[in-house]
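K.L.:
sequence first, then the predicted structure, then my questions.
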Amino acid sequence: MNNAGAGIAITGCGSAAPKAILTNEHLARIVETSDDWISSRTGMKRRHIANNTESLSKLSAIACQQAISMAGITPTDIDLIILATSTPDDLFGSASNIQALIGANRAVAFDLTAACSGFVFALITATQFIHTGVYRNALVIGADVLSRWVDWNDRNTCVLFGDGAGAVVCQAIPEGDRLLGFSMYSDGSKNGCLNLSYQSQSQPLVADLTTQSGTYQPITMNGKEVYRFAVDKVPEAIGKAMFHANLTSADIDWLLLHQANQRIMDAVAKRLKIPRSKILSNISEYGNTSAASIPLALDEAVRQGRVKPGDTIAASGFGAGLTWSSAIFKWG
């Protein structure tokens, strides 16, 4: 059925994280650091780390099942699945595996990579399919297992990252639209500020013909540059999305940012003149889970009863690429 011109509503959410917890005290045994050093600079106290039996696909499937249940639909009602991740279980993609795990056998599924901006990019992408009438029920997942790619001897990065998955269900509605405004940006000239890069090695085949093999290297980051970028660009992106939605900061009930650093979130809120009490933050428990961080924080706040139907949320992701994005939506 074509529903061109339909609005969208975000009707369900879910999340999952590994059971094993790595505390700041644990990290102090691995590298030269301390709980005070980490928590005062980042706001992080703990992060969840996947073991060798926990996969990105399995964590995502749990989050999806919760989101589908909250939305009051079944897996076979889902017709689109977008997985935002930089760490799939399979380099060819993991969305189709998640589709099979949850029994959504009518859905087309694909991966989208935009690092820590990935969930908001995927949310905006899914809603465009709904707006144009192609699909009615979309499942948007943000999930990452960055612990696979952390250098545990680098105290500048190993203290930051955790693993997790979050998901939301977006549905077509006959009138109105709960996605009020959005913006998306990229700046490849600053790509070197945050990398998980491939390093190749040449292998001779025959005569003068060689091929390459290799692997991805651990995460590297210029923390100061990323901080400056986020504090500068994120308020601007949210401001533009609010302009398109004909809203002001006073209309925002909750500020939902990528959980990269508590100081970044506080600085963005201050620039937007949004009270600190309106920031949704669970960074102390999960650390930076990349594409998973926004849906993880959203699901926690919804299930705690903090976010209520009709609340207006300003969300923004930012990170490697460099990419950044924002979306203003009403919950429920």
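P.N.:
Noted; the coordinates are in hand. Residues are numbered from 1 along each chain as shown.
K.L.:
below-threshold pLDDT in this protein: ranges please.
P.N.:
Along the chain, segments meeting pLDDT under 70 span 1-5.
K.L.:
per the record, what domains does it have?
P.N.:
Using automatic domain parsing, the domain ranges for the chain come out as 7-177, 180-188+220-330.
K.L.:
now do the longest one: distance from first to last residue.
P.N.:
Across domain 7-177, the terminal residues are separated by 4 Å (C-alpha to C-alpha, to the nearest Å).
K.L.:
same check on the shortest one?
P.N.:
Its first and final residues considered, domain 180-188+220-330 spans 8 Å by C-alpha to C-alpha.
K.L.:
quick one: that domain to chain centroid distance?
P.N.:
From the chain centre to the centre of domain 180-188+220-330 is a distance of 11 Å (C-alpha atoms, centre = their mean, to the nearest Å).
K.L.:
quick one: the strands in the stretch 51-200 of the chain, in order.
P.N.:
Per DSSP state E, counting those that start in this stretch, the stretch 51-200 of the chain has strands spanning 80-84, 108-112, 137-145, 163-173, 179-186, 194-195, 198-206. These are given in chain order.
K.L.:
for those strands, which one ends up most surrounded?
P.N.:
With neighbours taken as mean count of other C-beta atoms under 10 Å, the strands of the stretch 51-200 of the chain reach their highest mean count in strand 137-145, at a mean of 31. For every residue, glycine as well, the C-beta is placed using N, CA and C.
K.L.:
what angle sits between it and strand 80-84?
P.N.:
Interaxial angle of strand 137-145 relative to strand 80-84 (axes from the mean of the first three to the mean of the last three C-alpha atoms, to 10 degrees): 20 degrees.
K.L.:
just the CA trace of strand 137-145, in CSV.
P.N.:
The C-alpha coordinates for strand 137-145 follow below in CSV (Å, rounded to 0.1, in the frame of the first residue of the first chain):
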residue,chain,number,x,y,z
ASN,A,137,7.3,0.1,9.5
ALA,A,138,11.1,0.6,9.8
LEU,A,139,13.5,-0.7,12.4
VAL,A,140,16.5,1.6,13.0
ILE,A,141,19.4,0.1,14.9
GLY,A,142,22.5,1.7,16.3
ALA,A,143,25.1,-0.8,17.5
ASP,A,144,28.8,-1.0,18.0
VAL,A,145,31.4,-3.3,19.6
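K.L.:
list the neighbouring strands of that strand plus their orientation.
P.N.:
If you go by DSSP bridges, strand 137-145 pairs up with strand 80-84 (parallel), strand 163-173 (antiparallel).
K.L.:
export those to CSV and tack on distance to residue 108?
P.N.:
Converted to CSV, the strands paired with strand 137-145 look like this (distance: least, C-beta to C-beta, whole Å):
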stretch, distance to residue 108
strand 80-84, 6
strand 163-173, 14
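K.L.:
of all the ones you listed, which lies closest to residue 228?
P.N.:
Across the strands paired with strand 137-145, residue 228 has its closest neighbour in strand 80-84 (24.6 Å, C-beta to C-beta).
K.L.:
got the angle between the closest one and strand 108-112?
P.N.:
Using the same axes, to 10 degrees: strand 80-84 against strand 108-112 is 20 degrees.
K.L.:
just the CA atoms of strand 80-84, as PDB, please.
P.N.:
Taking Å, rounded to 0.1, in the frame of the first residue of the first chain, the C-alpha atoms of strand 80-84 are listed here in PDB:
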ATOM      1  CA  LEU A  80      12.800  -2.000   6.400                       C
ATOM      2  CA  ILE A  81      15.800  -2.500   8.700                       C
ATOM      3  CA  ILE A  82      18.800  -0.100   8.800                       C
ATOM      4  CA  LEU A  83      21.700  -1.000  11.000                       C
ATOM      5  CA  ALA A  84      24.100   1.900  11.800                       C
END
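K.L.:
what does that strand rub up against?
P.N.:
60, 64, 93-95, 98-99, 104, 107-114, 118-119, 121-122, 125-126, 129, 134-135, 137-143, 291 (C-beta atoms under 8 Å, 6 or more residues apart in numbering).
K.L.:
mind listing what's buried in stretch 22-38?
P.N.:
22, 24, 27, 28, 33, 38 (16 or more other C-beta atoms under 10 Å).
K.L.:
tell me the two of those that are most distant?
P.N.:
22 and 33 (12.3 Å).
K.L.:
what about the strands paired with strand 137-145, which gets the closest to residue 229?
P.N.:
For residue 229, the closest of these is strand 80-84, at 19.8 Å, according to C-beta to C-beta.
K.L.:
centre of the chain to the closest one, how far?
P.N.:
Counting by C-alpha atoms, centre = their mean, strand 80-84 comes out at 12 Å from the chain centroid.
K.L.:
can you check stretch 53-69 too?
P.N.:
With C-alpha atoms, centre = their mean, you get 14 Å for stretch 53-69.
K.L.:
cool, and stretch 182-202?
P.N.:
Distance, centroid of stretch 182-202 to centroid of chain: 17 Å (C-alpha atoms, centre = their mean).
K.L.:
return it as PDB; C-alpha atoms alone will do.
P.N.:
Backbone C-alpha positions of stretch 182-202 (Å, rounded to 0.1, in the frame of the first residue of the first chain) are rendered in PDB as follows:
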ATOM      1  CA  PHE A 182      16.800  17.500  10.700                       C
ATOM      2  CA  SER A 183      20.300  18.300   9.400                       C
ATOM      3  CA  MET A 184      23.300  16.200   8.200                       C
ATOM      4  CA  TYR A 185      26.900  17.200   7.500                       C
ATOM      5  CA  SER A 186      30.300  15.800   6.600                       C
ATOM      6  CA  ASP A 187      33.800  17.300   6.500                       C
ATOM      7  CA  GLY A 188      36.300  14.800   5.100                       C
ATOM      8  CA  SER A 189      39.200  17.300   5.400                       C
ATOM      9  CA  LYS A 190      39.300  16.500   9.100                       C
ATOM     10  CA  ASN A 191      39.100  12.700   8.600                       C
ATOM     11  CA  GLY A 192      42.500  12.200  10.300                       C
ATOM     12  CA  CYS A 193      41.100  13.300  13.700                       C
ATOM     13  CA  LEU A 194      39.400  10.000  14.400                       C
ATOM     14  CA  ASN A 195      40.300   6.800  12.600                       C
ATOM     15  CA  LEU A 196      40.000   3.000  12.600                       C
ATOM     16  CA  SER A 197      42.100   2.600   9.500                       C
ATOM     17  CA  TYR A 198      43.100  -0.400   7.300                       C
ATOM     18  CA  GLN A 199      46.800  -1.200   7.000                       C
ATOM     19  CA  SER A 200      47.700  -3.300   4.000                       C
ATOM     20  CA  GLN A 201      50.700  -5.500   3.200                       C
ATOM     21  CA  SER A 202      51.700  -6.400  -0.300                       C
END
